[in-house]
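> Coordinates for the following, if possible.
(one chain, ligands or ions: 2)
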Amino acid sequence: MHAMTAGNLRSAYGGESMAHMRYLAWGNKAAKDGFPNVARLFRAIAHAERVHAMNHFARLRGEGGDYLVPSMAAFGLGSTSANLVGAIGGETFEVEEMYPAYLETAERQGEKAAVVSFNYALEAEKTHAALFTRAKEAVDGGHDLELRPVQICEVCGWTYEGEAPEECPICGAGRDKLTAFA
Ligand SMILES: [Fe+2]
Ligand SMILES: [Fe+2]
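Ligands and ions are numbered 1, 2, ... in the order given. Model (predicted):
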C-alpha cells in the first residue's frame with residue numbers, strides 16, 4: 001500500500017477509535033444529565049465509529065508494525081451541551097476536511113480498498129453532524145431530543161433515524177445487518 005494512504009488509514013483508525021470511546025463517555029454524561037435520547041444518540045453513533053475503525057484496521061491487514069498514530073481528538077467532559085459542541089466540531093472536521101482529503105489521496109494512488117473505507121465513513125459522518133446539531137438545540141432548550149430508532153449498518157456504519165429499510169443505501173447490506181438503537 002502507498003505510504004501516504006496507509007498513514008491516513010492509521011490516522012482515521014485512531015480518530016474513529018477515540019471518537020467511539022469519547023461518545024460512550026459523553027453518552028453516560030447525557031444519561032446522568034437527564035437526556036436519555038441524547039445518551040442513546042451518543043451510543044448509536046459510538047457504534048458507527050467503531051464500525052469505521054474496524055473497517056480502516058482491516059484495510060491495514062498487510063501493513064504490520066508499531067506506529068505512533070496522530071489523530072485529531074477532542075477532550076473534555078463538560079455539560080452535555082458543551083460535549084455536543086465537541087461532537088459537532090469533530091464530525092464537521094471529518095466531513096469538510098479529513099475524509100475528502102484522504103479520499104482524494106487514496107483515489108490518486110489507486111488504493112481501492114481504502115477508497116471504499118473512507119467513503120463509508122464520510123457518508124455516515126454527514127448525518128452525525130446533523131443529528132448532534134439537533135441534539136444540542138434540544139438540550140439548550142432545556143429538554144431531551146425527540147428521537148426515533150437509530151439504525152446503524154454493521155458493514156459501513158451508515159446511520160439513519162427511522163425504521164430500517166430493506167437494505168443499506170450506502171453499501172447494499174440487507175436489513176439483517178442493521179442494528180437498531182431504540
Ligand atoms: Fe461520526
Ligand atoms: Fe451499509
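
> For the rest of this, base every contact and every neighbour count on C-alpha atoms.
Will do.

> Name the residues of this protein found near ligand 2, please.
Counting by CA under 5 Å from the ion, the chain comes close to ligand 2 at Cys153, Cys156, Cys168, Cys171.

> The second one contacts Ile170, correct?
Yes: taking contacts as CA atoms under 8 Å, Cys156 lies within contact range of Ile170: 7.4 Å.

> the more surrounded of those two?
Per other CA atoms under 10 Å, whichever of Cys156 and Ile170 has more neighbours is Cys156, with 28 against 15.

> sec struct for that one, please.
Of the three states, Cys156 takes coil according to DSSP: H, G, I helix; E, B strand; the rest coil.

> Please identify which helix or strand holds the residue nearest the centre of the chain.
The centroid of the chain falls nearest to Glu49 when counting by CA atoms, centre = their mean (3.6 Å). Using DSSP states H and E, Glu49 sits within helix 36-59.

> same thing with Glu63?
Per DSSP H and E: Glu63 is located in neither a helix nor a strand.

> again, but for Met4
For Met4, the element it lies in under DSSP H and E is helix 3-32.

> That helix vs helix 36-59, what angle?
Counting by axes from the mean of the first three to the mean of the last three CA atoms, to 10 degrees, helix 3-32 lies at 160 degrees to helix 36-59.

> and helix 3-32, how far from the chain's centre?
8 Å (CA atoms, centre = their mean, to the nearest Å).

> What score does the residue nearest to the centre of the chain have for pLDDT?
What the model reports for Glu49 is a pLDDT of 98.

> picking up where we left off before, who does the helix holding Met4 touch, helix- and strand-wise?
Helices and strands touching helix 3-32, by 3 or more CA pairs under 8 Å, 6 or more residues apart in numbering; DSSP states H and E, are helix 36-59, helix 80-93, helix 99-108.
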